[in-house]
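# Any chance you can model this:
(one chain, ligands or ions: 1)
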Amino acid sequence: MRFDFSAEDEAFRREVRSFFAGHLPAQMARRFAIGAHPPDRADVRRFQSLLHERGWGAPHWPLEWGGTDWSPLRKHLFMEELYNADGLDYGWQGLHMVAPVLIAFGSEAQKRRFLPPMLSGKEFWAQGFSEPGAGSDLASLKTQAVLEGDEWIVNGQKIWTSDAAMSEWGFFLVRTDPSVKPQRGISFLLIPMDAPGITIRPIVSIEGGTGLNEVFLENVRVPRENIVGEEGMGWTYAKYLLEKERTSSAFLYFNKRELEKARQLAGLRTSGAVPLIETPAFAARLARVEVEVLALEYSVLRVLSGENSGRNLNAIVSALKLRGSALQQRVTDLQLDALGLRALREWRHGEGEVIGDDEAVRWPPLVPGRTAAALIARASTIYGGSQEVQKNIIAKLAFGL
Ligand SMILES: Cc1cc2nc3c(=O)[nH]c(=O)nc-3n(C[C@H](O)[C@H](O)[C@H](O)COP(=O)(O)OP(=O)(O)OC[C@H]3O[C@@H](n4cnc5c(N)ncnc54)[C@H](O)[C@@H]3O)c2cc1C
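Residues are numbered from 1 along each chain as shown. I've put the predicted structure just below:
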């Protein structure tokens, strides 16, 4: 297996880099680098439309719907450059989750209606799966949809719905047949988030953001044709979607970029002190995480190059999610340790403009948002399937336990 990039690949990388250098407004990149959750709604839409205008709105989609025919390695280079430019990797629920389901199982009318505005950044999507009593055990969900004439009447509650308040649409798992075994009676329904009967209540998360929500559905009327695929097949579509989600859940690009920031922070000289990076204990910790991020990168590249063919891909992507999310926490913890007490002040000052006025150094713009990022990273080992759930999957699929 060789990972040397060809001259064409390198030219492609330069093309992507110069696109971001020329088109991503500096202030927007700065806001993205701070990493507020949720990010500014106007920024998110503008960035998606910038990518769309260049033909890069959804590189992983099929060409006929506006995707690219890039090789997996090119998609990898693109993502690396996007992250290095502090571009925004957002709109996941739409571009990476519901879109593949629509492309695989949706009607032509649904594809034509929903894919173009998703690609251009006009419409954003929320994922309404989890409920207060149904997270890891998703099949026990209770939100019910009953057919009345040409409409589904939906009642129930969802929780942890990311971006519900900034999204035009939501894809929901609802129970349409309570009489069969739990996995069989679930359907996949598209619901406008401003439909009468929907109440969205924000949940303030640990870093102070309001991207998460509770969504209450009370006699919400949804046209019959908003069901995706066949009635009762929602569980199959959801599994397809979650597999797609996990494939990209190694957090590789985030981990690489943030590790570099950790290194820079640890190299700064505070008044009279030795830079942290010169202390053996910290240098050893940094080196260890660096080696693990490198191992993660090679594992991702092996998947991309198809080297794992013949092995169970779902088990592999679960292993990547397990590793990548744990590393996300270790990388951001390194940043906080490098910031020391400044981490608290940086948090208090929000955008971090005033950090270090009384310090011997002026802390560079890579500092803001690190504390919030470290706090948000605590959730990465929960969403998209918790660590224990990933281990169960690996045990079952890779080892037959
Ligand atoms: C930041 C964030 C964003 C999210 N966004 C969305 C979203 O947009 N849409 C959406 O639908 N959901 C979303 N979720 C919900 C997420 O999918 C669930 O939190 C997750 O599936 C875990 O479910 P739970 O919270 O109910 O925990 P539980 O399932 O109750 O798990 C509690 C603990 O028990 C462990 N556990 C559970 N089952 C087993 C088992 N069989 N074996 C061993 N251990 C087990 C878990 O690992 C965990 O440690 C989000 C969550 C977070 C934190």
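# Burial check on the residue in the chain that the ligand sits nearest to, number of neighbours?
When scored by CB to the nearest ligand atom, the chain has residue 135 as its residue closest to the ligand, at 1.8 Å. The way it works is simple: take the backbone N, C-alpha and C, and place the C-beta from them, glycine included. As a burial measure, residue 135 scores 18 neighbours (other CB atoms under 10 Å).
# Check residue 189 too.
Residue 189 has 25 neighbouring residues, counting by other CB under 10 Å.
# hey, which helix or strand in this protein has the poorest pLDDT?
Lowest by mean pLDDT, DSSP states H and E among the helices and strands of the chain is helix 342-348, with a mean of 62.
# interface residues of the stretch 51-200 of the chain facing the ligand?
Within the stretch 51-200 of the chain, the positions lying close to the ligand (CB under 6 Å from any ligand atom) are 127-130, 135-136, 160-162.
# Turn the buried ones among those residues into a named PyMOL selection, would you?
In PyMOL, a selection of the buried entries from those looks like this (16 or more other CB atoms under 10 Å):
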select buried, resi 127+128+129+130+135+160+161+162
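# Mind putting the residues of the stretch 51-200 of the chain next to the ligand into TSV with distance to residue 334 and pLDDT?
Converted to TSV, these look like this (distance: CB to CB, whole Å; pLDDT from 0 to 100):
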residue	distance to residue 334	pLDDT
127	31	96
128	35	98
129	32	97
130	30	98
135	29	95
136	29	94
160	27	97
161	31	97
162	26	95
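# Tell me which of the residues of the stretch 51-200 of the chain next to the ligand fall in strands.
Within those, residues falling in strands by DSSP state E are 127-128.
# Closest one to residue 23 out of the residues of the stretch 51-200 of the chain next to the ligand, please.
residue 162 (26.7 Å; CB to CB).
# Export only the CA atoms of stretch 387-394, formatted as CSV.
This file holds the C-alpha atoms of stretch 387-394, laid out as CSV (Å, rounded to 0.1, in the frame of the first residue of the first chain):
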residue,chain,number,x,y,z
GLN,A,387,-18.6,4.1,23.0
GLU,A,388,-20.2,1.1,24.6
VAL,A,389,-22.6,0.7,21.6
GLN,A,390,-19.6,0.9,19.2
LYS,A,391,-17.8,-1.8,21.2
ASN,A,392,-20.9,-4.0,21.0
ILE,A,393,-21.0,-3.6,17.3
ILE,A,394,-17.3,-4.5,16.9
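# which residues touch that stretch?
Here stretch 387-394 makes contact (CB atoms under 8 Å, 6 or more residues apart in numbering) with 136, 314-315, 318-319, 321-322, 325-326, 381, 385.
# picking up where we left off before, after the least confident helix or strand of the chain comes which helix or strand?
Under the assignment DSSP states H and E, the closest C-terminal helix or strand after helix 342-348 is helix 370-377.
# For the top helix by length along the chain, name the packing helices and strands.
Assignment by DSSP state H gives helix 313-339 as the longest helix of the chain. Helices and strands touching helix 313-339, by 3 or more CB pairs under 8 Å, 6 or more residues apart in numbering; DSSP states H and E, are helix 234-247, helix 252-266, helix 280-304, helix 370-377, helix 387-399.
# The second one to helix 280-304, inter-axis angle?
Counting by axes from the mean of the first three to the mean of the last three CA atoms, to 10 degrees, helix 252-266 points 160 degrees away from the direction of helix 280-304.
# same for helix 252-266, what does it pack against?
Counting contacts by 3+ CB pairs under 8 Å, 6+ apart, helix 252-266 packs against helix 72-84, helix 280-304, helix 313-339, helix 370-377.
# for the stretch 151-300 of the chain, which spans come out with low pLDDT?
245-248, 269-272 (pLDDT under 70).
# quick one on the thing from earlier: how far is the longest helix of the chain from where the chain is centred?
Mean-position distance between helix 313-339 and its chain equals 13 Å (CA atoms, centre = their mean, to the nearest Å).
# repeat for stretch 86-102
On the basis of CA atoms, centre = their mean, stretch 86-102 sits 8 Å off its chain's mean C-alpha point.
# on that earlier part again, can you list the helices and strands packed on helix 252-266 in JSON lines and add mean neighbour count and distance to residue 267?
Below are the helices and strands packed on helix 252-266 laid out as JSON lines (neighbours: other CB atoms under 10 Å; distance: least, CB to CB, whole Å):
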{"stretch": "helix 72-84", "mean neighbour count": "19", "distance to residue 267": "19"}
{"stretch": "helix 280-304", "mean neighbour count": "15", "distance to residue 267": "10"}
{"stretch": "helix 313-339", "mean neighbour count": "22", "distance to residue 267": "9"}
{"stretch": "helix 370-377", "mean neighbour count": "22", "distance to residue 267": "15"}
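# Lowest average pLDDT across these?
Here the lowest mean pLDDT among the helices and strands packed on helix 252-266 goes to helix 370-377, at a mean of 87.
# could you check the angle helix 313-339 makes with that helix?
Interaxial angle, helix 370-377 versus helix 313-339 (the same axes, to 10 degrees): 150 degrees.
# how about the helices and strands packed on helix 313-339, which one is nearest residue 170?
Of those, the one closest to residue 170 (CB to CB) turns out to be helix 234-247, at 13.4 Å.
# circling back: out of the helices and strands packed on helix 252-266, which gets nearest to residue 140?
Closest among these, once you apply CB to CB, is helix 313-339, at 21.2 Å.
# and the angle for that closest one with helix 387-399?
Angle, helix 313-339 to helix 387-399, by the same axes, to 10 degrees: 140 degrees.
# from what I can see, residue 110 looks like it's in a helix, true?
Yes - counting by DSSP: H, G, I helix; E, B strand; the rest coil, residue 110 falls inside a helix.
# Touching, it and residue 102? I think so.
Yes - here residue 110 reaches residue 102: they are 5.6 Å apart, a contact under CB atoms under 8 Å.
# the strands in the stretch 51-200 of the chain, which residues?
125-128, 144-148, 151-159, 169-175, 186-192, 198-203 (DSSP state E, counting those that start in this stretch).
# Which elements pack onto the longest one?
What that stands for is strand 151-159. strand 144-148, strand 169-175, strand 186-192, strand 212-223.
# Next: the fourth one.
Contacts of strand 169-175 with other secondary structure elements, assessed using 3+ CB pairs under 8 Å, 6+ apart, are made with strand 125-128, strand 144-148, strand 151-159, strand 186-192, helix 234-247.
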